[in-house]
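> okay, structure incoming, though there's no sequence with it:
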Ligand SMILES: Nc1ncnc2c1ncn2[C@@H]1O[C@H](COP(=O)(O)OP(=O)(O)OP(=O)(O)O)[C@@H](O)[C@H]1O
């Protein structure tokens with residue numbers, strides 16, 4: 001037996017400091033276990049660290065990020081803006097036409113000419129405007145689609161620790177509602193604002209043509225009130241961001257319940273959880289009300305500024321008409337233009353609000369996009385017809401911690417897995433067994449020590465190639481929504497029908513396939529047939545087999561199987577170990593007693609390694625685990 005005494009001694013010297021201290025020096029905000037791209041060794045050059053210039057911190061401003069999303073569409077947006085502007089311009093001529101009509105009536109002439117010309121202008125404007133709006137909406141849809149594609153692609157490539165920090169509900173709200181807001185910012189934020197500015201200038205031009213004094217009075221009132229209103233803008237901006245954040249938090253609260261729906265019911269916790277989601281909803285409501293409060297104040301103030309300007313113009317203009325220095329028709333036209341100002345000013349306020357919600361959305365989208373990512377996903381289509389040479393694995397003095405309060409999960413772990421054959425990891429709960437698999441799949445990067453796979457440092461492996469050579473059956477054996485066939489070929493989409501049938505037979509899934517109404521094409525998982533834990537485990541194993549891996553990682557794959565299926569799977573594992581390397585984690589020692597080598601982990605350290613007989617003889621913990629289990633099995 002080879003008890004790994006040296007490992008324990010080495011740990012003693014390093015202890016928790018060996019791992020915890022360097023982690024404490026990690027810059028704030030960087031999740032544990034991640035190193036910036038600059039610190040990555042050459043083999044990892046393809047991996048992405050936090051994207052330079054994320055939306056948070058020192059990166060480009062949200063406005064620049066927003067404009068960069070819109071830039072590819074600027075040609076069509078300008079066209080759309082000009083078309084809808086053309087529609088509005090017809091309106092600008094109306095007060096002037098009204099003046100000419102009044103003058104014509106006063107001089108006993110027919111106003112038919114100007115009225116007909118205006119009617120034609122209005123009809124043409126309506127057609128152009130409708131087409132402009134359609135173009136704008138279509139472009140908006142394109143921007144949203146692109147943003148969603150990009151964001152979902154990014155999420156798929158995020159590193160596991162980055163995803164650990166986000167909740168699915170919050171992520172969903174970023175993919176669905178935040179990207180949706182980009183459409184609003186495009187139409188009301190950019191195009192409407194652009195139109196409003198042009199309309200504003202046009203209206204002011206016509207007003208200047210009518211009377212400069214009255215224009216001066218108007219501008220003093222409106223600009224004065226506008227300056228006061230602008231003080232509210234930062235408040236609205238903050239309220240908008242908080243409102244969007246609280247929608248994400250509400251999604252996260254709901255997600256928590258849905259993830260553990262049966263447990264919630266079985267625990268009689270429906271009311272408590274309903275209250276928790278309701279509280280998040282109330283929070284979102286309060287923040288929505290806060291946005292509404294400040295926005296309505298700013299909207300009303302702008303409307304009020306026009307009304308006050310109207311009164312001032314009426315007073316000054318009336319006096320000038322009385323003194324004979326202004327025609328009554330000019331005063332009427334001026335007052336009409338004054339009300340026309342409402343449109344572009346309202347458009348600017350709306351555009352500004354739309355821009356703020358768009359900026360908040362861009363900030364939230366960019367937060368996800370600037371999280372550390374991996375290179376492109378591993379190719380799924382492995383499906384080799386013949387297994388390639390098996391991989392050996394070594395762990396040398398490996399230290400790793402997930403971060404947080406809990407301390408290191410591995411403290412100087414050292415063991416060997418020879419190429420080909422069966423090696424088992426055993427030990428009490430929390431000893432660090434599953435962490436070995438997470439490090440081998442490089443879901444996390446170890447902090448120190450060396451891991452080699454097939455003789456090559458794991459950090460030097462191109463990630464896609466490494467993962468493409470492994471197959472990993474998780475403890476929970478999740479089944480994806482889809483058909484049974486889709487689930488089986490998930491990791492090897494090009495697998496042949498013959499290989500699929502063989503994997504089904506080897507994992508004793510054929511009885512399940514016969515029982516299902518549409519056989520392999522029956523929908524399973526969410527909204528499909530509900531499967532038992534044992535069936536899910538066997539599906540996960542068949543999926544792994546189809547991949548024909550060079551290293552097969554099995555985490556607790558027999559825990560939910562009945563005695564017959566467990567025996568069959570044990571035989572299958574031994575058979576597989578003749579073709580490839582199988583590393584298995586099992587609490588049930590019956591699964592591992594025939595392993596070529598068993599590694600006993602405890603508190604993140606390897607305490608012993610050897611065959612079943614050697615460990616029964618020489619390791620107290622293993623003997624205790626074996627005896628307790630034997631007693632439980634015979635009870
Ligand atoms: N994603 C994670 N984030 C933070 N801590 C984690 C994470 N996964 C595991 N841990 C912690 O790391 C330690 C080792 O966990 P690991 O899952 O490797 O143990 P294990 O031996 O496989 O346990 P079990 O037999 O119960 O599955 C535990 O203290 C665990 O709580």
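The structure has been received and is ready for your questions. Just so you know, these numbers come straight off a predicted model, no measurement behind them.
> quick one: name the residues of the protein near the ligand.
164, 402, 406, 409, 427, 429-435 (Cβ under 6 Å from any ligand atom). All C-beta atoms are positioned from the backbone trio N, CA, C, and that covers glycine.
> ranges for the helices of the stretch 101-250 of the chain?
112-156, 160-164, 168-173, 179-184, 193-210, 212-230, 233-259 (DSSP state H, counting those that start in this stretch).
> tell me the most buried of those helices?
The highest mean neighbour count among the helices of the stretch 101-250 of the chain, using mean count of other Cβ atoms under 10 Å, belongs to helix 179-184: a mean of 21.
> mean confidence score for that helix?
Per-residue pLDDT over helix 179-184 has a mean of 84.
> check stretch 627-635 too.
Computed over stretch 627-635, the average pLDDT equals 67.
> picking that back up, out of the helices of the stretch 101-250 of the chain, which gets nearest to residue 546?
helix 112-156 (21.4 Å; Cβ to Cβ).
> which strands and helices sit next to that closest one?
In terms of contacts (3 or more Cβ pairs under 8 Å, 6 or more residues apart in numbering; DSSP states H and E), helix 112-156 is packed against helix 62-70, helix 74-106, helix 179-184, helix 342-369.
> run the angle between that helix and helix 342-369 for me.
Angle of helix 112-156 versus helix 342-369, following axes from the mean of the first three to the mean of the last three Cα atoms, to 10 degrees, is 10 degrees.
> and the nearest residue to residue 299 once chain neighbours are set aside, how far from residue 361?
Among residues not flanking residue 299 along the chain, residue 349 sits closest, at 6.2 Å (Cβ to Cβ, 6 or more residues apart in numbering). Distance from residue 349 to residue 361, counting by Cβ to Cβ, to the nearest Å: 19 Å.
> check residue 298 too.
For residue 298, the distance to residue 361 - Cβ to Cβ - is 20 Å.
> neighbour-wise, which of these two wins?
For residue 298 versus residue 361, neighbours defined as other Cβ atoms under 10 Å are more numerous around residue 361 (26 against 21).
> the helices in the stretch 501-635 of the chain, which residues?
Under DSSP H, counting those that start in this stretch, the stretch 501-635 of the chain gives helices at 510-515, 533-546, 563-576, 589-592, 612-618, 620-634.
> do you know which of the ones you listed lies nearest residue 79?
Closest among the helices of the stretch 501-635 of the chain, once you apply Cβ to Cβ, is helix 533-546, at 50.6 Å.
> show me the contact partners of that closest one.
The contact list for helix 533-546 (Cβ atoms under 8 Å, 6 or more residues apart in numbering) reads 383, 471-474, 477-479, 484, 487-492, 495, 499-500, 503-504, 506-509, 512, 524, 531, 552, 554, 557-562, 565, 569, 572, 576.
> quick one: mean pLDDT for that helix?
On average, helix 533-546 scores 88.
> for it, buried residues please.
Using 16 or more other Cβ atoms under 10 Å as the test for burial, helix 533-546 gives 534-546.
> and that helix, how far from the chain's centre?
28 Å (Cα atoms, centre = their mean, to the nearest Å).
> that one versus helix 563-576: what angle between them?
On the basis of the same axes, to 10 degrees, helix 533-546 is oriented at 10 degrees to helix 563-576.
> the most centrally placed residue in the chain: what's it in contact with?
With distances taken as Cα atoms, centre = their mean, residue 171 lies nearest the centre of the chain, 4.0 Å away. Each residue near residue 171 by Cβ under 8 Å, 6+ apart is listed here: 155, 368.
> in PyMOL, select just the buried ones from the residues of the chain next to the ligand.
Only the buried entries of the residues of the chain next to the ligand go into this PyMOL selection, using 16+ other Cβ under 10 Å:
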select buried, resi 402+409+427+431+432+433+434+435
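> and the residues of the chain next to the ligand, which two are furthest apart?
164 and 427 (23.4 Å).
> out of the helices of the stretch 101-250 of the chain, which is closest to residue 586?
helix 160-164 (23.5 Å).
> quick one: average confidence on the closest one?
On average, helix 160-164 scores 84.
> go on, stretch 66-78?
According to the model, stretch 66-78 has a mean pLDDT of 80.
> so who does residue 321 touch?
Residue 321 makes contact with 327-328, 331, according to Cβ under 8 Å, 6+ apart.
> hmm, what's the outermost residue in the protein?
The C-alpha centroid of the chain is most remote from residue 108, which lies 70.0 Å away (Cα atoms, centre = their mean).
> for that one, what are phi and psi?
phi 60, psi 40 (degrees, to the nearest 10).
> any idea how far the residue in the stretch 51-200 of the chain positioned nearest to the ligand lies from residue 421?
Proximity of the stretch 51-200 of the chain to the ligand (Cβ to the nearest ligand atom) peaks at residue 164, 5.8 Å away. Distance, residue 164 to residue 421, by Cβ to Cβ: 33 Å.
> quick one: neighbours of residue 465, just the number.
10.
> so what's the nearest residue to residue 148 once chain neighbours are set aside up against?
Leaving aside its sequence neighbours, residue 148 sits nearest to residue 179 (Cβ to Cβ, 6+ apart; 5.0 Å). By Cβ under 8 Å, 6+ apart, residue 179 lies in contact with 144, 147-148, 151, 361, 365.
> farthest pair within those residues?
148 and 361 (12.0 Å).
> wait, which of the buried residues of helix 533-546 is closest to the ligand?
Once Cβ to the nearest ligand atom is applied, the member of these that ends up nearest the ligand is residue 537, at 14.7 Å.
> quick check: the closest one vs residue 556, distance?
For residue 537, the distance to residue 556 (Cβ to Cβ) stands at 9 Å.
> what of residue 110?
From residue 110 across to residue 556, the span is 94 Å (Cβ to Cβ).
> same thing with residue 598?
As judged by Cβ to Cβ, residue 598 and residue 556 stand 15 Å apart.
> the more surrounded of these two?
Higher neighbour count among residue 598 and residue 556: residue 598, with 26 against 20, using other Cβ under 10 Å.
> could I get the phi/psi values of the nearest residue to that one once chain neighbours are set aside?
Nearest non-adjacent residue to residue 598, counting by Cβ to Cβ, 6+ apart: residue 424, 4.7 Å away. Main-chain dihedrals, residue 424, degrees, to the nearest 10: phi -120, psi 140.
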